[in-house]
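> Sequence unavailable; structure follows:
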């Protein structure tokens, strides 16, 4: 995996860990220079590409949280990425609706009133 994507994955893991520990992270922008210097900006409303250009950063990442979803958006040159956690209710729906091939009986339906 490229350093750009590896950084995004590690940032997502750190943000997820913070949320799982009960913390509510603020929206954060992380800028990385060509020399490896790191600048972190909280709650910036600038577009990510504008911040990257303004600060001369080689890579830029924005971490945000909305409800139970943690999101990392990244930019480096012409590459972009977007990683986000799945909402717990979506994961549950996918797990409950998956066909495992083990159940051969009729589907159980919830009673409607």
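Arrived safely. Bear in mind the structure is a predicted one, so any value in this text is a computation, not a measurement.
> so where is the chain shaky, pLDDT-wise?
1, 87-95, 97-113 (pLDDT under 70).
> ranges for the strands of the chain?
28-32, 38-42, 59-66, 69-76, 79-84 (DSSP state E).
> To residue 52, which of these lies closest?
The closest of the strands of the chain to residue 52 is strand 59-66. By C-beta to C-beta, the value is 3.9 Å. Yep, even glycine has a C-beta here, placed from its N, CA and C like the rest.
> Packing partners of the closest one?
helix 3-20, strand 28-32, helix 48-55, strand 69-76 (3 or more C-beta pairs under 8 Å, 6 or more residues apart in numbering; DSSP states H and E).
> picking up where we left off before, and the strands of the chain: which comes nearest residue 96?
Among the strands of the chain, the nearest to residue 96 by C-beta to C-beta is strand 69-76 (19.6 Å).
> quick one: buried residues of that closest one?
Buried residues in strand 69-76, counted by 16 or more other C-beta atoms under 10 Å: 70-76.
> Format the strands of the chain as JSON lines; extra columns: distance to residue 22.
Formatted as JSON lines, these follow (distance: least, C-beta to C-beta, whole Å):
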{"stretch": "strand 28-32", "distance to residue 22": "18"}
{"stretch": "strand 38-42", "distance to residue 22": "19"}
{"stretch": "strand 59-66", "distance to residue 22": "13"}
{"stretch": "strand 69-76", "distance to residue 22": "14"}
{"stretch": "strand 79-84", "distance to residue 22": "20"}
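> Please look at residue 49 and residue 74 and confirm they touch.
No. With contact defined as C-beta atoms under 8 Å, residue 49 does not reach residue 74; the gap is 11.1 Å.
> shared neighbours, these two?
residue 60 (C-beta atoms under 8 Å, 6 or more residues apart in numbering).
> ok, now how distant is the residue nearest to residue 46 when sequence neighbours are not counted from residue 21?
Spatial nearest neighbour of residue 46, excluding adjacent residues (C-beta to C-beta, 6 or more residues apart in numbering): residue 54 at 7.4 Å. Distance of residue 54 to residue 21, given as C-beta to C-beta, to the nearest Å: 33 Å.
> and if you look at residue 9?
19 Å.
> Next up, the contacts around residue 64.
With C-beta under 8 Å, 6+ apart, residue 64 has these contacts: 27-28, 70-71, 73.
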